[in-house]
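Visitor: for reference, the sequence and a predicted model appear below.
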Number of protein chains: 2
Amino acid sequence: MALNTDRFLEDLHCLRSFGASGVGKGVIRPAFSAVDIAARRWLASRMAEADLDVHFDPIGNLFGVNGPKSLLIGSHSDSQPEGGWLDGALGVVAGLEIARAAKEAGGPPISVVNFQDEEGRFGILTGSDVWTGKISLAEADTLTDNDGLALGAVRARMSGRARDFLPHDMFHGFIEMHIEQGPGMDAAGTQIGVVSDIVGIREVRIRILGRQNHAGTTPMALRQDAFQALSEFNQRINARFAALATAATVWTLGYADISPNASSVVPGCAVFSLQWRDGDATRLDKMEQTVCEVAGEIARDLQVKVELGDIGGIAPAAMDARLKAALRDSAEALAPGKWLDLPSGALHDAANVAQVIPSAMLFVPSIGGISHAFDEDTKEADLVKGLEVLNRAALSL
Amino acid sequence: MALNTDRFLEDLHCLRSFGASGVGKGVIRPAFSAVDIAARRWLASRMAEADLDVHFDPIGNLFGVNGPKSLLIGSHSDSQPEGGWLDGALGVVAGLEIARAAKEAGGPPISVVNFQDEEGRFGILTGSDVWTGKISLAEADTLTDNDGLALGAVRARMSGRARDFLPHDMFHGFIEMHIEQGPGMDAAGTQIGVVSDIVGIREVRIRILGRQNHAGTTPMALRQDAFQALSEFNQRINARFAALATAATVWTLGYADISPNASSVVPGCAVFSLQWRDGDATRLDKMEQTVCEVAGEIARDLQVKVELGDIGGIAPAAMDARLKAALRDSAEALAPGKWLDLPSGALHDAANVAQVIPSAMLFVPSIGGISHAFDEDTKEADLVKGLEVLNRAALSL
């Protein structure tokens, strides 16, 4: 039986019914929540119906395996606290349909994967972090969510069906289909994106210590105002990063807390995050060096103490040349003139999997570039086109 | 009997024992708390022992009255959530000692006052606001503290002893003694400050609405980042206010909350306060106009929505010329070369009382300029000198 796009769309809508919430096609299905586990069990039953070998590993990743050596396709079915219906769910259901159709048609062996906690309720990309060996299961168990709940406690909810971790060499390649989550493809009117590489991320938490004081009696010249130091830090970083950046480089000051946070008190302390992303590790290094330099300048010029936390990060991940070529050929055949190469500014499981198996990604457009929000959506024609391009590439490998 | 400085210091230390907390001589005695009410009852008993007519009014202000027409001296005995032992307590106990000594010596009639909630647990200077008619008792009753408790509910705790509001014309003048709460006098080595005027305050809460988005997939050029708009607003205000300011002008961005406050999300919303203080109402007006102009520029240049809340404020209050002259004469006689004229950057009950009775203020130094903190303090010699200067001025009026 050939690829069945109706069955693919029906499964996608059925998966959305687990945690359907909010306006539009919104979903609330955080990792290890009751609806997340129910959704994984339903997906496991669909895999079993397709005669795939259902396999949960100890961290909750779900595989539908076809034989000892296969191409792996998939993504994740957990959502952000307020998420959209597609995000990772699209890639899982696409993998299911392609593996199922190939099995039915006696095609090449194709397996499907549904990683756990891609959205980082506990860690960053927790399920693929553990499977690819980036962190150990014991380390993962100590991770906590925003409520202080430990992953070790919640994963017991799924442990009844867990078997061992699957060896990586069962899979000769991995392809992840995903929505773009940005405005580029929608604005350009393209249907298919072949991901050139997944950007690297660096992030640091910074604490500025000034002197808390009375907002009426402390002359401007004598202040050591932690908020003013934060604002000046931000302005200098903007100017210096702009000189290093390409059009694809991004940076964000997304978190800030000032203390005591009262309108009549000169702030004594400010804690904030700075995150920067780029596909080039050398550029990430230069930006990191700039952060350290500006921190020193602010401490000296504004008479405050600037404490830099550990600078954590994820390395840029290049996508595999052979898999990219297969995706490009398929896109040119099925969507001529309506596809492009592009980097992924968002992090995905494929960045982890690329460390152990040749990997690639295929994007479809996000309407208005909206994601991680209830009103995330993609035209049905683009969902189907993405499935068809991925299927053609998978059969050619 | 003449002024008794030992008795003054003993009463001051005894008052500190109500709510003594924290390091150094710290005090936790917020308005209408159990220790605040106990402290007021103890002060009332000291007034009664001095043969002053004890009078609580409906909002909880405590008067120790000497006859139908007198000079009023005092301040407030409530503290900040984390306060020092002097702040308003100093002015109340100074008033008590001077009124008591004058009564004992058969001197001119002097009364003492202890205003309620000067530190603004519920309003701004709530006790003197109500007594001077700035707000009505009914309005005051609707004010709530940070826990949502209404003033109307808590003032019932003191209502057993409450009588009517005293008429203003029982008092021909008001003098408030207070610590400076800034670093100026301590740094200059002066003992006495005669307050020229109390600065006015304007304050506004501002909300910036941008577009919340993914920190990896949203290109810099397409962002409507609410934090970046806040930072740029702050920088422009600093430059524009600096051009309008004198050395005594101050402004503070003390409160800021950004949303959703996550390191991987471009902030969609920022709410923050801006407060500015100056002795000149015209300059306050010009600064207000600048705030409105910069808000419009930021909305236009950064493609965000900027919502200005109501711009509230307190007018600058000039101190009475005759009372100031008496304080200066007394300072020159008792602390020659060790006193100065200075404006008050902090708000005080005298700013309210000046609207209905000729008023003045006398400052003593704050060690290191520290106030609204447990380690607030003043040298004992300076406390005594302040008392003596105030007493000499009061007797001369």
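Guide: Cool, got the structure. Computed from a prediction, not measured in an experiment: that's the story for all the values here.

Visitor: and the helices in the stretch 51-200 of chain A?
Guide: With helices called from DSSP state H, counting those that start in this stretch, the stretch 51-200 of chain A shows them at A:87-105, A:126-131, A:137-141, A:151-154, A:184-188.

Visitor: do the lowest-mean-pLDDT helix or strand in chain A and chain B meet at all?
Guide: The weakest-scoring helix or strand in chain A, judged by mean pLDDT, DSSP states H and E, is strand A:312-314 (a mean of 83). No: on the criterion Cβ under 8 Å from any Cβ of the partner chain, strand A:312-314 is out of touch with chain B, staying 10.5 Å away. For the C-beta atoms, the positions are set from N, CA and C on the backbone; glycine is no exception.

Visitor: hmm, back to that, CSV for the helices of the stretch 51-200 of chain A, including mean neighbour count and mean pLDDT?
Guide: Shown next, in CSV, are the helices of the stretch 51-200 of chain A (neighbours: other Cβ atoms under 10 Å in any protein chain shown; pLDDT from 0 to 100):
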stretch, mean neighbour count, mean pLDDT
helix A:87-105, 25, 97
helix A:126-131, 27, 96
helix A:137-141, 16, 96
helix A:151-154, 18, 94
helix A:184-188, 18, 93
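
Visitor: redo the ones you listed as CSV? Include distance to A:Ala373.
Guide: Converted to CSV, these look like this (distance: least, Cβ to Cβ, whole Å):
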stretch, distance to A:Ala373
helix A:87-105, 10
helix A:126-131, 22
helix A:137-141, 28
helix A:151-154, 25
helix A:184-188, 15
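
Visitor: and of those helices, who's closest to chain B?
Guide: Chain B sits nearest to helix A:184-188 of all the helices of the stretch 51-200 of chain A, at 7.6 Å, using Cβ to the nearest Cβ.

Visitor: tell me, how many residues neighbour A:Ala318?
Guide: Other residues near A:Ala318 come to 15 when the count uses other Cβ atoms under 10 Å in any protein chain shown.

Visitor: quick one, what contacts it?
Guide: Going by Cβ atoms under 8 Å, 6 or more residues apart in numbering or on different chains, A:Ala318 touches A:196-197, A:354.

Visitor: pick the one among the residues you listed closest to B:Pro58.
Guide: A:Asp197 (72.7 Å; Cβ to Cβ).

Visitor: quick one: terminal-to-terminal distance for stretch A:20-29?
Guide: For stretch A:20-29, the first and last residues are 8 Å from each other (Cα to Cα, to the nearest Å).

Visitor: for that stretch, list every residue counted as buried.
Guide: By neighbour count on 16 or more other Cβ atoms under 10 Å in any protein chain shown, the buried set for stretch A:20-29 is A:25-29.

Visitor: do the same with stretch A:339-356
Guide: Those would be A:339-340, A:342-354, A:356, for stretch A:339-356 by 16+ other Cβ under 10 Å.

Visitor: cool, stretch A:53-61 as well?
Guide: Those would be A:54-61, for stretch A:53-61 by 16+ other Cβ under 10 Å.

Visitor: format those as a markdown table; extra columns: distance to B:Ala243 and pLDDT.
Guide: Formatted as a markdown table, these follow (distance: Cβ to Cβ, whole Å; pLDDT from 0 to 100):
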| residue | distance to B:Ala243 | pLDDT |
| --- | --- | --- |
| A:Val54 | 71 | 98 |
| A:His55 | 69 | 98 |
| A:Phe56 | 67 | 97 |
| A:Asp57 | 65 | 97 |
| A:Pro58 | 65 | 96 |
| A:Ile59 | 60 | 97 |
| A:Gly60 | 60 | 96 |
| A:Asn61 | 61 | 98 |
